[in-house]
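Engineer: Got a predicted structure here, sequence first:
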Amino acid sequence: MKNLITILLLVASFALSNDVSAQKFGYVNTQELLQALPSVKEANVNIETYRNQLLKKGQEMLQSLQSKYQTLEQTRDNYSPKQLETEVTNLKAEEQKIMEFEQNSQQQIFEKSEVLLKPIRDKIQKAIDDVAAENGYTYVFDFSTGFILFADPGSDVSGLVKAKLGL
């Protein structure tokens, strides 16, 4: 019985080692691909323009608030204590709206980036998938993530992916 188990383990081990040796591995640098695509540059310009628009609007809101605070400070003698308290409360509410605007702006910029860059990332992923399928790669790793400690330059499929993307 022990001999049968030993033989089965040896056969299974041999079969598994043949499977592993038959696998083909490759790698690609997705950051390099992203930098090479003109559509990424265009998307980044659009994102930066959008960010600047939101930043400008936020600065205008802040300047308006500062102006209102200065006006209130200069005319505070014209207000009763109750009116002054109401004005200060209104200005604090406006200040809160500006803080919410800044937080929402960050989220809007992120969402704009996702809308513009996701189709590009999907296009790159499809090209990688196609190259892997066409060339028999079992795994393709992303060199830009830094998890590859050694890679044979012959395993670099970046050129194939660039060709698939028309670069």
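Structural biologist: Perfect, thanks for sending it. Residues are numbered from 1 along each chain as shown.

Engineer: use CA for all of it now, contacts and neighbours both
Structural biologist: Fine.

Engineer: Tell me how many other residues crowd residue 162.
Structural biologist: Look at residue 162: counted by other Cα atoms under 10 Å, it has 19 neighbours.

Engineer: Which of the three states applies to it?
Structural biologist: Using DSSP: H, G, I helix; E, B strand; the rest coil, the structure places residue 162 in helix.

Engineer: Please identify the nearest residue in space to it, excluding sequence neighbours.
Structural biologist: Once flanking residues are discounted, residue 162 sits nearest to residue 33: 7.1 Å by Cα to Cα, 6 or more residues apart in numbering.

Engineer: Tell me which helix or strand the one you found sits in.
Structural biologist: Element membership of residue 33 [criterion: DSSP states H and E] is helix 30-36.

Engineer: next one: that helix to chain centre, how far?
Structural biologist: 13 Å (Cα atoms, centre = their mean, to the nearest Å).

Engineer: Could you do stretch 49-69 as well?
Structural biologist: So, by Cα atoms, centre = their mean, the centroid of stretch 49-69 is 26 Å from its chain's centroid.

Engineer: which residues touch it?
Structural biologist: With contacts defined as Cα atoms under 8 Å, 6 or more residues apart in numbering, stretch 49-69 is touched by 91, 94, 95, 98, 101, 102, 105, 109.

Engineer: again, 10 Å this time
Structural biologist: Residues outside stretch 49-69 that contact it (Cα atoms under 10 Å, 6 or more residues apart in numbering) are 43-48, 70-75, 87-88, 91-92, 94-95, 97-99, 101-102, 104-106, 108-110, 112-113.
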